[in-house]
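Visitor: A predicted structure for the sequence below; I have some questions about it.
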Amino acid sequence: MLKKDLGLLVLILVVGAIVALINPRFLSPVNLANTANLIGLFGIFSLGEGLVIITGGIDLSIGSVFALLGVVFVDLLVTYELPWPLAFLIILAAGTLIGLINGLLITRMRLQPFVVTLCGLLLYRGIARYYTNDGTAGFAFGQSFPTLEWLTTGRSYGVPHSFMAFVIIAIAMAVLLHRSVFGRYLFAVGRNEEAARYSGIQTGRVVAAAYVICGALAGLSSVFLTMYTRSISPASHGNFYELYGIAAAVLGGCSLRGGEGSIVGIVLGAILLQILQNLVNLLGIPSSLNFAVMGAVILIGVLADQQFKEYRQRRVAGRESSEATGSKAPTLLAK
Amino acid sequence: MPEPILELIDISKSYPGVQALSHVTLAVAAGEVVGLIGENGAGKSTLMRILGGVTAPSAGFIRIRGEQKDNLTVSEAIRSGIAFVHQELNLFDNLDVAANVYFGREPRSFGLLNLIDTTAIRSLTQPLLDRLGADFKPDTLVSDLSLAQRQLVEIAKALSLGAQIVIMDEPTSSLTLTETNRLLEVIAELKAGGVSVIFITHRLHEIEQCADRVVALRDGAVVGTLQKAEIDHDRMIRLMIGRELKALYTPPANPPGPEILLLGDIRTTTYPDRAVNFSLRRGEIVGLAGLVGSGRTELARAIFGIDRPVDGTMQVAGHALTIRSPRDAIAQGIYLIPEDRKRAGLILEDDITSNISLPNLRRFATAYLPDRNREEATAKQQTRRLNIRTPSVSSAAATLSGGNQQKVVLAKWLAMSPKVMLFDEPTRGIDVGAKSEIYSLIRTLADAGVAVLMISSDMEEVIGVSDRILVMHEGRISGELGRDQFSEHNVMQLAVGTAMNSGPPC
């Protein structure tokens, strides 16, 4: 696992170095801060997505949740003029609730995660568009929320707060996943749900909890994304974002079969994705190729990883068998 | 001895660090039934893989009908008439019998459309099923068949391939006595038709019944051959383990204590109209016998909270309670060692330590964070106590042999405080040595005051280990036997639902 993360880190450094060589602006403070901001924005919900993937599930509804919670958040602030901390808490609670609904449909009603969250993807997007009559929701002219803006889009010592939030959440998640009882249960359920159940783990609750955490992080991301874009057109806001989360998790070593993955991996996956985005911009590649570059790099990365793994296994097997024949030879001769 | 159809000559095979086979020579004549015995790890499976062309031997060669085969491949082995009936069946549940028998070589129809000619394969399959005396049709779905019937499908497949040598690897490990007898008849029929059978099993009385000759492997070498007249149980055991096996039954150290588990009219979803009543006392081992499908596993699952019973009451140490989930059962000290240890007993990718601490993880945790050192200390202690053979407690459970895996499942629960232990087929697929270790562990547990319920389809085991036997038939307890009434005959009668005194079945 550690080896895999190290490989990813090396890949990030190599890609970064190449981009920096071709276009030195890559390392400029402005560009680094911008990229860090995007890493934070996309990384927070990737952590939640990774958790769900480790249970052997998937959440496809995240992007639509951003649109729905985004327009509701703007509405709470603009139309209802709620104090922003209250609106913030409502959005966080709403995200958690959506996660809980997904989790209960999957564990209690025994529906497949793909189906449940695919329906969520359609449903929440549709509601968001209906809610605003397909119009763009944005803050009124001159309206500002200095504290909220500072918290979500501000910087300290040049580091964007979204990135800091990402780092803090990642550390908390790493403790939760790799050190806590819950994390052990989560991996156990992802690897062998039946055996986990026979060991007295309430597997339904563990799986549902993963969706709840994913939903809560999606709620938090909604606020960050809303404050970042400041206006939301519900038909396109957050489109495909769930796929960024899935891509980051898969790049980071999560297996879609469940039971495999690490927070460090997901973090590195999220970083690599944003560097690739940045690379497209900096190297003057037409931005329409954005997705194509990402797809190609992920494919090559996964392919290389697989080949390397097989090569290593072959080499280990080869070494063992030559050792074995080496040690066996004398006894055979003696006979 | 007539001209051998199959000869293995001086076969050796070494793996990294292991000499799996050394200088094994074995010949099988046409129409001969050879019993192959040996503890797990003795090299039986390796030998069979070589015979099937799956693995190449390091030295030695194979002759089939006098013709030397140097690089035997899987397809060549099949063409030479070698067929396997595996321990774990390789059938497609979702296809019917005929489709399974002719899988991969279906007759085609409609020319260019190249569709599978279902009618043809069904009519080709029928005579094979007739020959085996099967009570199902070519168009029956495999998922609707019992394990014994599935085995017949495998044998039909072997026959359809024109097999001259059928290798059966523990074919009876999941069969009931009647089904086993039926299989032994099938073997006799194959033999009468000139087909040779190599029969691998841990159940020695089956070999006594059907084998013409017994070959024993130990540590990769042939340690002895018994001709038909010489085959008896004790001799085989001596050959296999190189020592005498102690008498199976160890009487309890103390008379059974007070009742700890009482079931009142428990009804499971499989047999919702049959109520089960019984009680377990501390310190006793109760065998639960019966045919596969008689509802024993379902009963154990209901007690352990995997499935909710339809109705009924449960009392633990005099207190009525409802068990909603395994968690509730575990909280009461009721633990289950499931039938399928790879699927339900262990997380194979995880190491021994994680497997052992999983059900009790909170106890190893301070502030919700488990302490790995404490977990490992417990795992090491259990590994020593149960004599689990492993290089380290950080080895993945998947790397262990069946017997040691089962001990890890046991270790999970022994690290806690058991009151009632439910064993479901505790020694299925486990070699003789590990078996007797597990039996003595079960007895030690009982002597420490644990009530043990042991589901088993292995007659020697039920009779040799239990203090008392309950027999299930179609969802209800059809009778109870005290030690003085123990016999295969009595158990079988209750298992097939005949009343005790109605005389032997037809």
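Guide: Structure's in. What do you need? Since this is a predicted model, take the numbers as computed values, not measurements.
Visitor: Can you name the residues of the stretch 401-506 of chain B sitting close to chain A?
Guide: B:Lys412 (CB under 8 Å from any CB of the partner chain). Backbone N, C-alpha and C define where each C-beta goes, glycine included.
Visitor: Relative to chain A, which residue of the stretch 401-506 of chain B is the closest?
Guide: Nearest residue of the stretch 401-506 of chain B to chain A: B:Lys412, at 6.9 Å (CB to the nearest CB).
Visitor: can you pull the contacts of that residue?
Guide: Contact analysis of B:Lys412 by CB atoms under 8 Å, 6 or more residues apart in numbering or on different chains lists A:Ser199, B:Asn355, B:Ile356, B:Leu358, B:Pro359, B:Asn360.
Visitor: Can you tell me which of those has the most neighbours?
Guide: In terms of neighbours by other CB atoms under 10 Å in any protein chain shown, the contacts of B:Lys412 top out with B:Ile356 at 30 neighbours.
Visitor: So that residue is in contact with B:Thr378, correct?
Guide: Yes - using CB atoms under 8 Å, B:Ile356 makes contact with B:Thr378 at a distance of 6.5 Å.
Visitor: ok, and for the strand or helix carrying A:Val71, which residues are buried?
Guide: Following DSSP states H and E, one finds A:Val71 within helix A:62-78. Going by neighbour count (16 or more other CB atoms under 10 Å in any protein chain shown), the buried part of helix A:62-78 is A:62-77.
Visitor: Extract the C-alpha trace of that helix and format it as PDB.
Guide: The C-alpha coordinates for helix A:62-78 follow below in PDB (Å, rounded to 0.1, in the frame of the first residue of the first chain):
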ATOM      1  CA  ILE A  62     -22.500  14.000  -5.500                       C
ATOM      2  CA  GLY A  63     -22.500  16.400  -8.500                       C
ATOM      3  CA  SER A  64     -26.200  16.800  -8.400                       C
ATOM      4  CA  VAL A  65     -26.100  17.300  -4.700                       C
ATOM      5  CA  PHE A  66     -23.800  20.300  -5.300                       C
ATOM      6  CA  ALA A  67     -26.300  21.900  -7.600                       C
ATOM      7  CA  LEU A  68     -29.300  21.300  -5.300                       C
ATOM      8  CA  LEU A  69     -27.600  22.300  -2.100                       C
ATOM      9  CA  GLY A  70     -25.900  25.200  -3.900                       C
ATOM     10  CA  VAL A  71     -29.200  26.800  -5.000                       C
ATOM     11  CA  VAL A  72     -30.800  26.200  -1.700                       C
ATOM     12  CA  PHE A  73     -27.800  27.800   0.100                       C
ATOM     13  CA  VAL A  74     -28.000  30.900  -2.100                       C
ATOM     14  CA  ASP A  75     -31.700  31.000  -1.600                       C
ATOM     15  CA  LEU A  76     -31.400  30.800   2.200                       C
ATOM     16  CA  LEU A  77     -29.000  33.700   2.200                       C
ATOM     17  CA  VAL A  78     -30.600  35.900  -0.400                       C
END
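Visitor: Quick one: mean pLDDT for that helix?
Guide: Throughout helix A:62-78, pLDDT has a mean value of 96.
Visitor: That one - contacts with which helices or strands?
Guide: helix A:29-54, helix A:84-107, helix A:113-131, strand A:137-138, helix A:203-229, strand A:231-232, helix A:241-251 (3 or more CB pairs under 8 Å, 6 or more residues apart in numbering or on different chains; DSSP states H and E).
Visitor: Fine by me, we can end here.
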